[in-house]
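Asks: Sequence plus predicted model, see below.
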Amino acid sequence: MDLLNIQAIILAAGKGKRMLSDTPKVLHKICGIPIINCIKRTLSSIGIEVPIIVLGHKWELVKEYTEEPNLSVLQKEQLGTGHAVKVCMPHLTDSSKDILILSGDMPLITPETLNSFIEFYYSTKANLSILSLDVNNPTGYGRIIRDNKMGVERIVEEKDATSIEKKIKEVFSGIYLVKQRMLQEALENLDNFNMQKEYYLTDIVHYIYNKYGKVNSFKAPNSKECMGINDRYQLSEANLYQQEQIQKKLNMSGVTIINPLNTYIEWNVKIEKDVTIYPGVNLLGDTVIESGCTIGPNCTIQDSHISKNSHVFHSCINQSRLGENVKCGPFANLRPGSILKNNVKIGNFVEIKNSEINDTTSVSHLSYVGDATVGKNVNIGAGTITCNYDGFQKNRTIIQDDAFIGSNSTLIPPLTIEKNTLIAAGSVITENVKENSLAIARSKQECKENWVPAWKNKMKGNLTKK
């Protein structure tokens, strides 16, 4: 099997009317990855790196979001799948190559199935092989019509099938592997004499069968892999199936997922062994969870790195990095650019944004730390606020090692609080604080004895006059 001799074509020009969306069908996502990129990644995993992608509806948008490398061609008029492949032919300059054609709405096809299909094509020395599947309800699929020797004679589309043909349960997946010169010849002989008035690519099967023979099919071992996405319900089905595959793979690599039905993990997420995922967890984007971590319940973590033996619960983390043995939550919000070093503790209702919190520092509750660098072994008391935005620009707060920030302190940057300092509770700090200093910035408490009874009597008198 020579994968270098295969050129892949992905048909991605359609609008996807039944999706009822302004977004092109192939850009809807399966577990965080656009459908078109799911297919590209599968091809890449078996060594087919640069497919030709046929674009049409909102082609600029599809091209923008399609992973490289690829060669894009534009089908200006959507005249059918046969016409879509025909616009690719000027780019197929090596006539000795075999052409693998895939539908752009089949994100679940696996490398294992594609490899088996390709091996079948070469081992049977076919001129054309198609990937088929058996389904209980074949509605909407093209039916496989076989000859008396079980060769594939033709594919008949649903709208053109007779009542007898519609009962056939072996259907076409949308994947072909064919000799290029025969494909070229068959495309030149296509017509659009059908109910749709389109040039069906499926008609190449009958043409090559009649003229050259050796047309066969390989049955997919799992029909789910050949699911085409045509509407939102099928999209949700595909997401559920792929989610099951992702979680199964993680389970088999040593990850515990307490409630799979209440957990969502996207395709790019990497999780090491001995991690426990509790219910209500959403792991998104390029997130990495190292070994020994406990995540959840009820966390959303996106594009973030959680290092060994850290614990996150009831919290949101986005584009941030946690060191080892960090405790985060409940109800913490780590916004982009947050870096927590080893043994940091972030407690309830704490928000961190674009800040570095160094080893063994604690921000236990009810605080906001934004655009700050916080040293080692710092304690930030409840209700502390860094006032990082002055209405025009963001300013940075620097808190050095071993500082103690009293509760309800307000830190107004640009500001540096040096080592081993203590900020008295309730202070509003506007100037730098020197090492080993106590900073107090609040009005002096004043107590007026017996003031309340007189005040109450006065208020009662005012109410009586009214």
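Replies: Cool, the structure landed. Numbering: from 1, shown residues only.

Asks: what about the stretch 101-250 of the chain, any weak spots by pLDDT?
Replies: Scanning the stretch 101-250 of the chain for pLDDT under 70 picks out no residues.

Asks: in it, which spans are helices?
Replies: Remark: helices assigned in the stretch 101-250 of the chain by DSSP state H, counting those that start in this stretch are 111-123, 180-188, 203-211, 232-252.

Asks: quick one: the first one to chain centroid distance?
Replies: It stands for helix 111-123. Remark: helix 111-123 is offset 28 Å from the chain centroid, using CA atoms, centre = their mean, to the nearest Å.

Asks: Sort out which residues of it are buried, please.
Replies: By 16 or more other CB atoms under 10 Å, the buried positions in helix 111-123 come out as 113-114, 117-118, 120-121. Every residue, glycine included, has its C-beta placed from N, CA and C.

Asks: just to revisit the earlier point, quick one, which of the helices of the stretch 101-250 of the chain is nearest to residue 392?
Replies: helix 232-252 (44.2 Å; CB to CB).

Asks: For that closest one, enumerate the helices and strands it packs against.
Replies: strand 29-30, strand 256-257, strand 263-265 (3 or more CB pairs under 8 Å, 6 or more residues apart in numbering; DSSP states H and E).

Asks: repeat that for 6 Å
Replies: strand 29-30 (3 or more CB pairs under 6 Å, 6 or more residues apart in numbering; DSSP states H and E).

Asks: ok, residues contacting the strand it packs on?
Replies: 38, 107, 238-239, 242 (CB atoms under 6 Å, 6 or more residues apart in numbering).

Asks: longest strand anywhere in the chain?
Replies: For the chain, the longest strand by residue count, based on DSSP state E, is strand 170-179.

Asks: so where is the stretch 351-466 of the chain shaky, pLDDT-wise?
Replies: 463-466.

Asks: what are the ranges of the strands in it?
Replies: 351-353, 356-357, 362-365, 368-370, 372-374, 379-380, 385-386, 397-399, 404-405, 410-411, 415-417, 422-423, 428-429, 438-439 (DSSP state E, counting those that start in this stretch).

Asks: Now mean neighbour count and distance to residue 10 too, for those, in TSV please.
Replies: Shown next, in TSV, are the strands of the stretch 351-466 of the chain (neighbours: other CB atoms under 10 Å; distance: least, CB to CB, whole Å):
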stretch	mean neighbour count	distance to residue 10
strand 351-353	23	41
strand 356-357	23	44
strand 362-365	20	49
strand 368-370	23	44
strand 372-374	22	47
strand 379-380	24	53
strand 385-386	22	50
strand 397-399	23	51
strand 404-405	22	56
strand 410-411	20	54
strand 415-417	20	55
strand 422-423	23	60
strand 428-429	18	59
strand 438-439	15	64
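
Asks: Present those strands as a markdown table; the columns should include distance to residue 137.
Replies: A markdown table is the format used below for the strands of the stretch 351-466 of the chain (distance: least, CB to CB, whole Å):
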| stretch | distance to residue 137 |
| --- | --- |
| strand 351-353 | 51 |
| strand 356-357 | 56 |
| strand 362-365 | 56 |
| strand 368-370 | 55 |
| strand 372-374 | 59 |
| strand 379-380 | 61 |
| strand 385-386 | 60 |
| strand 397-399 | 63 |
| strand 404-405 | 65 |
| strand 410-411 | 65 |
| strand 415-417 | 68 |
| strand 422-423 | 70 |
| strand 428-429 | 70 |
| strand 438-439 | 74 |
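
Asks: The longest strand of the chain: how far from the chain's middle?
Replies: With CA atoms, centre = their mean, you get 29 Å for strand 170-179.

Asks: likewise stretch 87-105?
Replies: 29 Å.

Asks: before we move on, the earlier item: who wins for proximity to residue 448 among the strands of the stretch 351-466 of the chain?
Replies: strand 428-429 (23.9 Å).

Asks: For the closest one, which strands pair with it and how are they oriented?
Replies: Here strand 428-429 is paired, per DSSP bridges, with strand 410-411 (parallel).

Asks: Check what contacts the partner strand and list those residues.
Replies: 385-386, 397, 428-429.

Asks: nearest to residue 422, of those?
Replies: Relative to residue 422, and with distances defined as CB to CB, the nearest of those is residue 429, at 11.4 Å.

Asks: can you pull up the bridge partners for the closest one?
Replies: Note on residue 429: beta-bridge partners residue 411, judged by DSSP bridges.

Asks: For it, which residues are in contact?
Replies: Residue 429 touches 411, 439, 441, counting by CB under 6 Å, 6+ apart.

Asks: Next: residue 157.
Replies: residue 142.

Asks: Next, give me the two most distant ones among the buried residues of helix 111-123.
Replies: 113 and 121, at 12.8 Å, using CB to CB across the buried residues of helix 111-123.

Asks: Just give the nearest non-adjacent residue to residue 56, would you?
Replies: Nearest in space to residue 56, with sequence neighbours left out and distances taken as CB to CB, 6 or more residues apart in numbering, is residue 13 at 2.8 Å.

Asks: Identify the residues contacting that neighbour.
Replies: Neighbours of residue 13 in contact, by CB under 6 Å, 6+ apart: 54-56, 75, 78, 84.

Asks: where does the residue most central in space within the chain land on pLDDT?
Replies: By CA atoms, centre = their mean, the chain has its centre lying nearest to residue 32, at 2.0 Å. The model reports residue 32 with a pLDDT of 97.
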